[in-house]
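Trainee: compute the structure for the input listed below.
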Amino acid sequence: MASIAALFKAYDVRGVYPTEINPSIAYLIGRAFVAYLRPADVVVGRDMRLSSPALASALIDGILDEGANVCDIGLVSTDSLYFAVGKYGFPAGVMVTASHNPSEYNGFKFCRAEARPLSMDEGIGEIRDLVMQNTFGQPKTRGKLSTKNILPNFAEHVLSMIDPSVVKPLTIAIDAGNGMAGRIVPEVFKHLPVKLIPLYFELDGRFPNHPANPIEPENTRVLGETIRAEGADFGIAFDGDADRMFILDGEGTFVGGDMITALAAKSLLRKHPGSAIVYNLICSRAVPETIEREGGVGIRSRVGHSFIKALMRRHDAVFGGEHSGHFYFRDNWYADSGIIAALTIIELLSLEGVGIAEALKPLDHYVRSGEINSEVEDQQSVLAELERVHAGAMLDYLDGLTISYPDWWCNVRASNTQPLLRLNVEASNTPQLWAKTSELLQIIRGEA
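Mentor: Take a look at the predicted model:
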C-alpha cells in the first residue's frame, strides 16, 4: 500500500493512470472523503483527460455509497468547481484533474464549504489514512445523484468581477492547450467586444499540440508566434484545468506571474482603496512597491495557496497573487481563478489604453533570474554558509532564507518533495543579476 500513500500530495492526489491511480482507488477516495468531512452533499467536476470519466464515475459511486448526495457538474475548470461550492452553498467539492501534468496523469483536488481547500495538514492526510485502512464495510444508505450545468452562472459571476462596458475591442490570442479553457473562454468572451484568436480550444486529454503547462517556454512558443503574426494586442495561456493563466505581451514576450500580480493589484486597489493585497515572498520588489504606491497594504506570504488564502481571510485582502500564475480573489471565495485574472488585466489595459509592456514600464525596474534548481543533499549546511557569507545583509526565514540588500535580493528554499534548493534572484541591472546568481550558485552547488 506504500504506492497508494505516495499519491497523496501536499495539496492534491495525483498519479499515473492506471498503474498508480485507477477507478478502484477513486472509489475508496470517494468513501474516505465523505467519511472524513461528513457532508450531506458533494459537487463533483472533471477535466478533459481520457481517464477522467472513469475516475469521476468511480469517485461518485464511492461518495454515494458512503451516504452523501452528488451534484455532477461535468466538464468544468477547477475554478468553476470552486465557484459551484461557494455560490450554491455546497459543503464539499471534488475536481477530477491533474492540472498541468502530462496526459498519463490524473488526480483529485478537494475543498470544503466556501471553497476552502483541503491540504495534507488539513484533510488529505486523514483521507489517505482512511483509504489505506479500507474498513468502510457495506453501504448502509446510498445518496442521490443529480446533474447541473453551471457554466452560464459561472460566466455571469466572473464577468461581475469587472465592468464589461469599459472593455475595448482588443485582439487577444488565447492558447487553451486543449484544456478546460477551451470550454470556459467562449462562454465568457461571447459577452465582450474582444476579437479572439483561439489556439487549441478542442478538448483533448492527449494534449496533441503541447503539454498544458504554460510556465515552460516551449509550450508558449506558438502563442508568441501567433501574437506577432496576427498583430494581437497580447496573448493568454491557460494550464490544463484553467485555474492558472499566463500572459505574453504584444511582442510575444512571457510576463512573469509576479508582474501580473502587480498589474492586478493596481486595478483592484483603484476599486477597493486601502485594501490589503497578499503576495508570496519570491515575487519581485515591484509588487509591494506598486501596492504601496497605489495606497494598499502589502502582506508578504510563504509560497503555497494554503498560506495565501489563510492570510487573505485574516486580513480581508481583496486579492492575492503568486509568481506561479495563481491569482486569488476575495469576492471569489478567496479562491484562485485564471479567467477572473485575465478579465482583470483586460479591464485595466482597456481603461489605461496601453499594452502590457507599456503598463509594466513604470512599475518594473528590476531584472530576475527565474527559479533555478540545484540538487543538494546537505541543505542545512549550505543555508548556514549563505548566512555566514551574507551576515551583513537583512536576513529573514519566512520561507527558506531570504537575503536582502538595497540593490539586490535572493531567496533560497528547499523543495518539499525532492533534494532540491530553489534559488530566485532579483537585481537592479543584468550584469549585477548574473554576477550575484553565479556567486550564490557556487556556494549552493559546492563550487566555491
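Trainee: contacts, neighbours, all on C-alpha from now
Mentor: Fine.
Trainee: give me phi/psi at Leu75?
Mentor: phi -80, psi 110 (degrees, to the nearest 10).
Trainee: domain ranges for the chain?
Mentor: When the chain is parsed with automatic domain parsing, its domains come out as 2-149, 153-252, 257-360, 367-444.
Trainee: quick one: secondary structure of Arg422?
Mentor: strand (DSSP: H, G, I helix; E, B strand; the rest coil).
Trainee: hang on, isn't it packed against Ala414?
Mentor: Yes - under the criterion of C-alpha atoms under 8 Å, Arg422 makes contact with Ala414 at 6.1 Å.
Trainee: circling back: compile the domains of the chain into TSV and extend it with columns for mean pLDDT and mean neighbour count.
Mentor: Formatted as TSV, those follow (pLDDT from 0 to 100; neighbours: other C-alpha atoms under 10 Å):
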stretch	mean pLDDT	mean neighbour count
domain 2-149	96	20
domain 153-252	97	20
domain 257-360	96	21
domain 367-444	95	16
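Trainee: what are the boundaries of the helices in the stretch 51-200 of the chain?
Mentor: Per DSSP state H, counting those that start in this stretch, the stretch 51-200 of the chain carries helices over the ranges 52-65, 78-88, 124-133, 151-159, 181-189.
Trainee: can you redo those helices as JSON lines with distance to Asn332?
Mentor: Listed next are these as JSON lines, based on distance: least, C-alpha to C-alpha, whole Å:
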{"stretch": "helix 52-65", "distance to Asn332": "25"}
{"stretch": "helix 78-88", "distance to Asn332": "7"}
{"stretch": "helix 124-133", "distance to Asn332": "23"}
{"stretch": "helix 151-159", "distance to Asn332": "8"}
{"stretch": "helix 181-189", "distance to Asn332": "16"}
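Trainee: and Ala232, which of those helices is closest to it?
Mentor: Smallest distance to Ala232 across those (C-alpha to C-alpha): 15.9 Å, for helix 181-189.
Trainee: what packs against the closest one?
Mentor: helix 151-159 (3 or more C-alpha pairs under 8 Å, 6 or more residues apart in numbering; DSSP states H and E).
Trainee: let's see that with 10 Å instead.
Mentor: If you count contacts as 3 or more C-alpha pairs under 10 Å, 6 or more residues apart in numbering; DSSP states H and E, helix 181-189 packs onto helix 151-159, strand 171-175, strand 195-199, strand 234-238, helix 338-352.
Trainee: what's it in contact with?
Mentor: 48, 75-77, 80, 151-152, 154-159, 174-176, 195-196, 198-204, 237-245, 338-339, 343 (C-alpha atoms under 10 Å, 6 or more residues apart in numbering).
Trainee: tell me which residue is most central in the protein.
Mentor: Nearest to the geometric centre of the chain sits His326, at 3.4 Å (C-alpha atoms, centre = their mean).
Trainee: that residue reaches Lys309, doesn't it?
Mentor: No - judged on C-alpha atoms under 10 Å, His326 makes no contact with Lys309 at a distance of 11.2 Å.
Trainee: common neighbours of the two, please.
Mentor: Gly320, Ala335, Asp336.
Trainee: just to revisit the earlier point, find residues that contact each of Arg422 and Ala414.
Mentor: Asn373, Ser374, Glu375, Val376, Gly400.
Trainee: widest-spaced pair of these?
Mentor: Maximum distance among those (C-alpha to C-alpha): 15.5 Å, for Glu375 and Gly400.
Trainee: and of the shared contacts of Arg422 and Ala414, the nearest to Thr430?
Mentor: For these, the nearest to Thr430 is Asn373 (19.8 Å; C-alpha to C-alpha).
Trainee: contacting residues for that closest one?
Mentor: Contacts of Asn373 by C-alpha under 10 Å, 6+ apart are Val412, Arg413, Ala414, Ser415, Pro419, Leu420, Leu421, Arg422, Leu423, Asn424, Leu441, Ile444.
Trainee: same question, Ile60
Mentor: Ile60 touches 26-27, 29-31, 42-44, 54, 66, 68-72, 94, 143, 145, counting by C-alpha under 10 Å, 6+ apart.
Trainee: Gly240 - nearest residue in space that isn't next to it in sequence?
Mentor: Distances taken as C-alpha to C-alpha, 6 or more residues apart in numbering put Gly179 closest to Gly240, at 4.4 Å, once the chain neighbours are dropped.
Trainee: check contacts around that neighbour.
Mentor: So Gly179 contacts 47-49, 76-77, 99-100, 200-207, 211-212, 238-242 (C-alpha under 10 Å, 6+ apart).
Trainee: and the closest residue to Glu352 other than its chain neighbours, how close does it get to Ser337?
Mentor: Excluding the flanking residues, the one nearest Glu352 by C-alpha to C-alpha, 6+ apart is Ala359, at 8.0 Å. Taking C-alpha to C-alpha, to the nearest Å as the measure, Ala359 falls 22 Å from Ser337.
Trainee: and if you look at Ile247?
Mentor: Taking C-alpha to C-alpha, one finds Ile247 at 14 Å from Ser337.
Trainee: go on, Pro431?
Mentor: 36 Å.
Trainee: Asp407 too?
Mentor: 34 Å.
Trainee: nearest to Ile127, of the contacts of Asn373?
Mentor: Ser415 (23.6 Å).
Trainee: adding secondary structure, write the shared contacts of His326 and Lys309 out as CSV.
Mentor: Compiled in CSV, the shared contacts of His326 and Lys309 are given as follows (three-state DSSP):
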residue, secondary structure
Gly320, strand
Ala335, coil
Asp336, strand
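Trainee: quick check, nearest of the residues you listed to Asp121?
Mentor: Among these, and counting by C-alpha to C-alpha, the member closest to Asp121 is Ala335, at 18.3 Å.
Trainee: spit out the contact partners of the closest one.
Mentor: Here Ala335 is in contact with 79, 82-83, 86, 114-117, 243, 305, 308-309, 319-320, 326-329 (C-alpha under 10 Å, 6+ apart).
Trainee: rerun that using 7 Å as the cut-off
Mentor: Tyr82, Ala115, Tyr328, Phe329 (C-alpha atoms under 7 Å, 6 or more residues apart in numbering).
Trainee: now the second one. Nearest residue, chain neighbours left out?
Mentor: What that stands for is Ala115. Closest to Ala115 by C-alpha to C-alpha, 6+ apart is Tyr82, at 5.2 Å.
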